[in-house]
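1. Build me a model from this:
(one chain, ligands or ions: 1)
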Amino acid sequence: MSIIKLNATDSTNVYLKELALSQQLDDFTVVSTELQRKGRGQMGSEWLSDKGKNLTVSILKKLSAFHVENQFDLNCIVSLSIYDVLHELTVPNLSVKWPNDILSGNQKICGILIENVLKGKLIHLAILGIGLNVNQTDFQNVEKASSLKLLLGQNLDLDELLTKVLDKLKSYFLISREELKTLYLKVLFRKDKPSTFKDLSNRSFTGIIRGVDPSGKLLVELEGGLLKPFDLKELKLLY
Ligand code: BTN
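-> As a prediction, the model looks like this:
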């Protein structure tokens, strides 16, 4: 396994994807950077991270016979890996907010962006992008964000954290789909609790998160008992 350490790049996801498409790389090759100039977040958002303070990495997973229909398994694998590492560090009140934000209480400490390279209907390469807030303490520009330093009161070593994340990832790639789903649902934020959401037209509605369907959509029980699947564009969970 190799780790490519950069001082700065636009996005580790983009860097790793371009490299993986232009040459043969080992499975679990890592690109990490001190500074991301155009860090990519979910739904076209930007991921901001102070230089050198946080884990800003992309990890390559080479896949064979991994159907794109099962792509949500990758979200489960990465979020459970981070969850476990943070749990072992005694980070309080951890959960995974669908699809893959890692929260402590209602503060986000890690964002995950998975970008896949397909060959037909199969995922050939998965770029697992992880932005974990570690030693940054000022989040003026980001709402509801926190870091391990703020939560645990100490600086942590970024290389040690990366090693722990890689070990967990490797083990989660070995477990069954059923087990993955069960473990994911156990840590899912606000599962079985009445919650408020916003829909596409910014209207609020209430419902209860009951799970995730096979394609990775969030299953919300609406008033009257109807179970409706939503994708990321279709709803925003408020609380
Ligand atoms: C989110 O919006 O929550 C996802 C954020 C993902 C950020 C990470 S940082 C390393 C990797 N490279 C990127 O450009 N984005 C991901």
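
2. Please, where are all the strands along the chain?
-> 3-9, 30-36, 55-67, 94-97, 101-104, 107-119, 122-132, 194-199, 204-212, 218-222, 227-230, 235-237 (DSSP state E).

3. How much space separates the residue of the chain found nearest the ligand from residue 13?
-> Closest contact between the chain and the ligand, by CB to the nearest ligand atom, is at residue 111 (2.3 Å). Bear in mind the C-beta positions are built from the backbone N, C-alpha and C, glycine included. Going from residue 111 to residue 13 by CB to CB, to the nearest Å gives 12 Å.

4. Can you name the residues of this structure sitting close to the ligand?
-> Residues of the chain lying close to the ligand (CB under 6 Å from any ligand atom) are 11-13, 36, 39-42, 45, 47, 56-58, 101, 111-113, 129-131.

5. Show me the shaky parts of this structure.
-> For the chain, the stretches with pLDDT under 70 are 1, 239.

6. longest helix in it, by residue count?
-> helix 72-88 (DSSP state H).

7. Can you check the distance spanned by stretch 200-209, start to finish?
-> Terminal residues of stretch 200-209 lie 18 Å apart, using CA to CA, to the nearest Å.

8. who touches that stretch?
-> Residues outside stretch 200-209 that contact it (CB atoms under 8 Å, 6 or more residues apart in numbering) are 98, 188-199, 218-223, 228, 233-235, 237-238.

9. which of the residues you listed count as buried?
-> 98, 188-191, 195, 197, 218-221, 235, 237 (16 or more other CB atoms under 10 Å).

10. Of those, which is the nearest to residue 26?
-> Nearest to residue 26, judged by CB to CB, of the buried ones among the contacts of stretch 200-209 is residue 98 at 31.4 Å.

11. Could I get the phi/psi values of the closest one?
-> Main-chain dihedrals, residue 98, degrees, to the nearest 10: phi -50, psi 140.

12. Without its sequence neighbours, what residue ends up closest to it?
-> Spatial nearest neighbour of residue 98, chain neighbours left out: residue 218 (4.9 Å); criterion: CB to CB, 6 or more residues apart in numbering.

13. and the one you found, what does it touch?
-> Contacts of residue 218 by CB under 8 Å, 6+ apart are 98, 99, 209, 212, 229, 230, 231, 235.

14. rerun that using 7 Å as the cut-off
-> Applying CB atoms under 7 Å, 6 or more residues apart in numbering, one finds that residue 218 lies in contact with 98, 209, 212, 229, 230.
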